[in-house]
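Asks: build me a model from this:
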Amino acid sequence: MGEKIVLGIESTAHTFGVGIATSEKRILANVNYTYRPPSGGIHPREAAQHHSKLAPKAVKEALEKAGISPRELDGIAFSIGPGMGPCLRVGATVARALALSLGKPLLPVNHGIAHIEIGRLTAGCRDPVILYVAGGNTLITGYLDGRYRIFGETLDIAAGNCLDVFGIKAGIGPMPAPEECARRGGKFHPLPYRVKGMDVSFSGLLTAALKALEGGMKLEDVCFSLTETVYSMLTETLERALAFSGKSEILIVGGLARSRRLGEMIESMARLHDARVYRVPDQYAGDNGAMIAWTGVLYLLAGQMIHVEESRIRPRYRIDEAEAAWREMGL
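Replies: Prediction:
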C-alpha cells in the first residue's frame, strides 16, 4: 500500500497549527501559531483573524519542514469540532481549498479524539482509560465497540478554564501560573468539592476561590487550595472509571497533562490498582497540528473521508458521536 502522508490543520481555539504525519508513525512537521489576547480570555473573531493571517505561512512552513511537495500528500485533515465557530471555519476553509485544488480526500477529525490518538502514539499505550483535561474540555473516556465512550465529564466549565480564569482575575495569568503560585502556599483551606458519580463541577469552586481571595486569604494559599481540590476531584473520578472499566492503563492528554502535581496524584492512585500511567509529551499536550495530521492518517486508513459539501463545522461535536473505525483494525 505504501506510506500515506496526511497534512492536518488545527484551528479550534487560540492555536492555528499545521502538522504532517505518515502511516509509518512519523511526524514530519508540527508548526503552530498561538493567538495571545492583550487581556482577558480568547475573543473568537479576533482569534479567527489571527488564524486567517497566518494560515498560508503555516502551511508553507510545514511543507518545507517535512521536505515534501503538496502533490505528495494523500489526504487533508482538519478539526471539524468541537471548538469556537469562527476559528473552526478558518481551518475548514483552508482544508477544503487544499483538498479541492490537490484532488485529495478531506478528513473530518474530531478534536478530542486527536488529543487521545497523539497520546496513544507518542506515549506508547494500547487501551487506556483516558483523562482529557484542558482549557476547553474535561472528560474521562475509554474505547469500546467502535467509539470512545464517555464515563464522566464536567457539568459546567472545564478544569483548565477554572484555573485559567482564576489566574487571570487574580492578576497572575493563566496556567501554569496558578500551579507555580500554589507551590509557595502552605495552608489548605477547604473549598467546594463537587463530584457526582464520575462527573465533576468547577464553577462553584471558582467562585469560592475568588471570594476567598477577595476576603483577604493569601494568594499562594488560595492557589494551593484550588489546585489541590481540582486535581483531587479529577483523580477521584478517574479512579472510579479505572475500577469500572477494568483497564490497566491510564493516559493523560490535553493541555493540563503538563501539570506535574496532577501527574503525581494520579501516579499515587494508579499504584493502588497496579495500573500504569502514560502522559502525552509536553509538545503535544496543547492544541497542535501534528495531532490532527496523525489522526487524519487513521481516518484515511479507516476510510473515514467526507465530501466537501458535507464538511460543515461542528462546534459541539462530542467524542462519543464520532466513529473510531481504525481501532477495530488494530491501529
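Asks: can you pull out the low-pLDDT segments for the protein?
Replies: When residues are selected by pLDDT under 70, those of the chain lie in 1.
Asks: can you give the domain ranges for it?
Replies: For the chain, the structural domains run 5-116+284-328, 129-246, going by automatic domain parsing.
Asks: so which of those is the most packed in?
Replies: Greatest average neighbour count among the domains of the chain goes to domain 5-116+284-328 (a mean of 21), per mean count of other Cβ atoms under 10 Å. Every residue, glycine included, has its C-beta placed from N, CA and C.
Asks: tell me which of the domains of the chain sits nearest to residue 268.
Replies: Shortest distance between residue 268 and these, using Cβ to Cβ, is found for domain 129-246: 8.1 Å.
Asks: and that closest one, how far from the chain's centre?
Replies: What separates the centre of domain 129-246 from the centre of its chain is 15 Å, taken as Cα atoms, centre = their mean, to the nearest Å.
Asks: surely residue 233 touches residue 196?
Replies: No - using Cβ atoms under 8 Å, residue 233 makes no contact with residue 196, being 10.3 Å away.
Asks: residues making contact with the strand or helix carrying residue 149?
Replies: Assessed by DSSP states H and E, residue 149 sits inside strand 147-153. With contacts defined as Cβ atoms under 8 Å, 6 or more residues apart in numbering, strand 147-153 is touched by 112-113, 116, 129-130, 138-143, 197-200, 237, 240-241, 244-245, 318-320, 322-324.
Asks: quick one: which of these sit in strands?
Replies: Judged by DSSP state E, those include 129, 130, 138, 139, 140, 141, 142, 143, 199, 200 as members of strands.
Asks: farthest-apart pair in the residues you listed, please.
Replies: Spatial extent of the ones in strands among the contacts of strand 147-153 (Cβ to Cβ) is set by the pair 143 and 200 at 21.4 Å.
Asks: could you pull out the helices for this protein?
Replies: For the chain, the helices defined by DSSP state H occupy 44-66, 85-102, 111-123, 159-170, 177-182, 203-214, 219-245, 260-272, 289-301, 325-328.
Asks: what angle do the first one and helix 289-301 make?
Replies: Angular relation of helix 44-66 and helix 289-301 on a 0 to 180 degree scale: 80 degrees, by axes from the mean of the first three to the mean of the last three Cα atoms, to 10 degrees.
Asks: which helices and strands does helix 44-66 pack with?
Replies: strand 5-10, strand 15-22, strand 27-34, helix 85-102 (3 or more Cβ pairs under 8 Å, 6 or more residues apart in numbering; DSSP states H and E).
Asks: and of those, who's closest to residue 217?
Replies: Proximity to residue 217 (Cβ to Cβ) singles out strand 27-34 among the helices and strands packed on helix 44-66, at 32.3 Å.
Asks: related to what we said a few turns ago, turn the helices of the chain into CSV, including distance to residue 73.
Replies: What follows is these, written out as CSV (distance: least, Cβ to Cβ, whole Å):
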stretch, distance to residue 73
helix 44-66, 9
helix 85-102, 6
helix 111-123, 18
helix 159-170, 33
helix 177-182, 39
helix 203-214, 43
helix 219-245, 37
helix 260-272, 36
helix 289-301, 10
helix 325-328, 19
